[in-house]
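S.K.: Using only what follows, build the 3D model:
(chains A and B)
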Amino acid sequence: MGRSRQAAVVAVTGLFNHDVDPRTVASDGLNWMVGGPQGSGVDSAAQLFALSVARAGLHVVGQREYYSNIMGKHSYYKIRMSERPIGSPSAGVQLLATYDDETVVRHVHSGEVVKGGAVLHAGGDEDKEIRKVPFLDARVRDAVLQELEDEGLPATVAGVLETARRRGVHVLALPYDDFLEEVAKRLGRDSTAGLQILRNTCAVGASLGLLGLPADYVNETVAKTFAAKKGEVREMNIVAAQAAADFAVENLPGFGFRVGHGHDPGDRVWIQGTQAVALAKAVAGCRFHTYYPISPATDEATFLEANPESGIVVVQAEDEIAAATMAAGAAVAGARASTSTSGPGLCLMVEAIGWAGMNEVPLVVVDYMRGGPSTGLPTRTEQGDLQFALRMGHSDFPRIVVAPGDIEELFHDTVRAFDWAERYQTPVLVLPDKALAGNAMTMSPFDTSRVRLDRGRTATEEDLAASTDGRWPRFAFSDDGVSVRPVLGQKNGIHWLTGDEHTELGHISENPEGRDLMMGKRLRKLELAAQEIPEALKATLHGLADAELTLVAWGATKGAVLEAVEALAEQGTAVNFLQIRVMSPFPDIADILRAARRLVCLEENATGQLRDLIAERTGIRIPHVALKTNGRPTLPHEVVEAVRHVLDQDAPKVVMRHGV
Amino acid sequence: MALAELGVAPHRTAVFSGIGCSGKTNQYVRAYGVHTLHGRVLPFATGAKLANPELHVIAVGGDGDGYGIGAGHFLNAGRRNLDMAYIVFNNNVYGLTKGQASPTLGRGEQTKSLPLPNLNDGIDPLGTAIAAGYTWVGRGYAFQIKKLKSLIVEAVEHKGAALLDVLQPCPTYNNLHDKDYYTPRVHDLADDGYDGSVQDPDDEDEVERKRAEALVKAHARNDRIATGVFYKIRIPTYEERIAGRMPDYPGTYPAKPDWLDDAGRPTKDIGPILEKLRVK
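M.R.: Next comes the predicted model:
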């Protein structure tokens, strides 16, 4: 159901789009979804499921969605698994497992569960009135009630389950209490008290049983997950999973989806973006990291604190201003230093980053972009900070901005960020988004064998020996704008730093000639970065050079776009994908753009920030945009539909709306 | 003078300053000087000190800079108890912007730089510092140079967060709190036989008693203005607390470039951490 508002805008993948069969796109793999109130173990269930299927050799991508709330509001975790490598979540759910009404209502009504798929629910709440299901937004509730009325069904959970059956979806109530009784019996206990937590394992066990995964995989995962606990804990989980699996298989013989297993894709980890950044920092020599708690950045700091063997001193600051200024202070003292935050925090850091730019301080700031503006959508994704990152701060100073497209790039770009910061002696901003931060995937462990760290012109004892009076001109003019940089504490390196315009020694100066020279010196460093950073890193044209249409995109949409390109190729439409990765210094892409037959800029923000940047840098204004701003990640089928709208209807603007 | 007396090498010293007239201080000191941002001297200095604990780091700033816009950092530095001295030049006005009322100017006071009397009460910086957790709290007077120098030395030598508030007349804009105002009023707490030092930090009764006494002394509103050391206690510094979690600290400190070898290869092996994320 596409909705045309003006001629210019076409809605794609509306909330109630039951007609699109996502299996025509991104047909690799299956999706399993678990949902429930935050705090009820959705994450643990998802981890157990993901690690079990990963253990069986499948490639796994997890998509985690939750409210800005600690306990009670709806959260879900979608696990995509495939025998082929995958790089994006996808639409369509083959198996939904939950013991929560709200999840049933939201995700059945959304049309996500495909024909032939199944809903595993808790049973016993079928008569619950829709109006009494807590936390349903008015929009959703009204739409559900309308649908049930149109279908002539009761306004209850049972009514919603019936809409699923009418769409060819299997429905099975899992008797959780029975499974817990089984566990109690096997443990020799009188009651099931204290065993409620096992419901998650039951849901996972039932699901894996239906998908045909041999019990060994989940049993081994249980053993590893609970290795530090008493043997009884492992045993109860194994029994719970098996009891649920047996029941599900026996009672849902018509469920036809199966996963392959037994492949060996080699040594792999299950990792999310924040962990990749943390590890990259450890490798890069970052030894000082500050933060202020903010979604979705906090996970990175928590991971570092829990792993002090990383060697990084982690400081929780009193606010983001302190976080940024502490990191700058540490950098000035010679440490590789960084801070991580999200949009609202980055706003507070502007002054500090400007000071770092003025004082040529190597500072790495990671901004995990989330929905804005202001508090925005704290737990949802957006690619909305690009223009802000490029221009933050009054006046002009150089900064490097890099936007990795996936976890592998995020790791290596974060390592490089520290080299770039010290080489060009200026702030570097790394821009992952919430999806990249929090969605996990299986992948090969990072290969650090070819990493070589470079401190640029950070002063050595030998460099400073030339000093005659113990002082050093920190900001000495040079052809490329970079000076030898002593750090606090070094002999023969005494100099001054100040936010004011300054002399080569760092003393405050308002001399007009000196001012122009110093401004020029600072900005010239970006030209050096432009020359030295390889073009291949800055941008990549994926696919054949000759295509009907070129998608221009950046950041975490990479996975979805690549899959869409593949799907379109299978449909006979040749599309290629220009991925922009380094935003400042900007890549040399004018020729590629001019050679393209049709251009579409695809991004997750309201105004087409990359499109504007491209126009500014190349003079070329991309005529079509595909934008998504509802806080949910772009999925492959939406990209395909967007391309179709442009090719078939010449739509100047496509709005993508998939997601719950 | 204090630095010379302390015998610290200039290149191992960094004087951090905020923004204001006081911000220019380090331009006159032969040591590394870092002129930071308005209100933010403490976090900048904190980052540097943690990155290289062997550095002698001193933070200076003004009362407008430190007690107003910098109030958040001022408070939280007390929680951390980083081993660093913070010296505040307190002149009751924002001098560099031509004399507006600062957080320490009293209600109804009108310096020659103000068109109307001040609407706000002044805060009590020493009492605030004691409540925030600073482990050395003192006040000096700019016209008692010898005593001031001793106080600076003591603040720097103290192991922990030291706040030294210095009464410092601004001759350009503050005609109320000048030498004629202060000199007859200031007196030394030591002359009263007051001793703000906690002898046994584990003796909760003593700590509570001394803190309460110090708060009373700090908050006194009368014609006698106390100088000297109001409160002093030795408890674990922030660096010591970090060492509790990271046994290699401060022997291995962030600024130490041991994270790469001569060929530029990273020395940190993330294998053990990756192991925890392994699928099998």
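S.K.: So what's the residue count around whichever residue of chain B sits closest to chain A?
M.R.: Chain A sits closest to B:Gly47 of chain B, with a gap of 2.8 Å, by CB to the nearest CB. C-beta coordinates here come from the backbone N, C-alpha and C atoms, glycine included. The local packing of B:Gly47 (other CB atoms under 10 Å in any protein chain shown) involves 32 other residues.
S.K.: Retrieve the pLDDT associated with it.
M.R.: Listed pLDDT for B:Gly47 reads 98.
S.K.: With the one 3 residues further on instead?
M.R.: The predicted local confidence for B:Leu50 comes out at a pLDDT of 98.
S.K.: With just CA atoms, put the strand or helix carrying it into PDB.
M.R.: Applying DSSP states H and E as the criterion places B:Leu50 in helix B:41-51. Extracted in PDB, the C-alpha atoms of helix B:41-51 (Å, rounded to 0.1, in the frame of the first residue of the first chain):
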ATOM      1  CA  VAL B  41      40.100  24.600  33.900                       C
ATOM      2  CA  LEU B  42      39.500  21.700  36.300                       C
ATOM      3  CA  PRO B  43      38.500  19.000  33.800                       C
ATOM      4  CA  PHE B  44      41.300  20.000  31.400                       C
ATOM      5  CA  ALA B  45      43.800  19.800  34.200                       C
ATOM      6  CA  THR B  46      42.300  16.500  35.500                       C
ATOM      7  CA  GLY B  47      42.800  14.900  32.100                       C
ATOM      8  CA  ALA B  48      46.400  15.900  31.900                       C
ATOM      9  CA  LYS B  49      47.100  14.800  35.500                       C
ATOM     10  CA  LEU B  50      45.500  11.400  35.000                       C
ATOM     11  CA  ALA B  51      47.300  11.000  31.700                       C
END
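S.K.: show me the contacts for the nearest residue to the residue of chain B closest to chain A once chain neighbours are set aside.
M.R.: Among residues not flanking B:Gly47 along the chain, A:Gly329 sits closest, at 2.8 Å (CB to CB, 6 or more residues apart in numbering or on different chains). Contact analysis of A:Gly329 by CB atoms under 8 Å, 6 or more residues apart in numbering or on different chains lists B:16, B:34, B:36, B:43-49, B:51.
S.K.: Just say helix, strand or coil for A:Gly329.
M.R.: When classified by DSSP: H, G, I helix; E, B strand; the rest coil, A:Gly329 comes out as helix.
S.K.: Likewise for B:Val34?
M.R.: Per three-state DSSP, B:Val34 ends up strand.
S.K.: That one: neighbouring residues, count only.
M.R.: 28.
S.K.: was I right about it contacting A:Trp496?
M.R.: Yes. Using CB atoms under 8 Å, B:Val34 makes contact with A:Trp496 at a distance of 7.4 Å.
S.K.: any common contacting residues for these two?
M.R.: Between them, B:Val34 and A:Trp496 share the contacting residues B:Asn26, judged by CB under 8 Å, 6+ apart.
S.K.: Residue of chain A nearest chain B, please.
M.R.: Closest point on chain A to chain B, by CB to the nearest CB, is A:Gly329, at 2.8 Å.
S.K.: Report the beta-bridge partners for A:Leu120.
M.R.: Note on A:Leu120: beta-bridge partners A:Ala97, A:Leu172, judged by DSSP bridges.
S.K.: Report the contact partners of it.
M.R.: Counting by CB under 8 Å, 6+ apart, A:Leu120 has contacts A:95-98, A:172-174, A:203, A:206-207, A:210, A:248.
S.K.: now residue 181, what's its secondary structure?
M.R.: I'll assume chain A. Relying on three-state DSSP, one would call A:Glu181 helix.
S.K.: That one - nearest residue in space that isn't next to it in sequence?
M.R.: Closest residue to A:Glu181 apart from its sequence neighbours, by CB to CB, 6+ apart: A:Thr192 at 6.0 Å.
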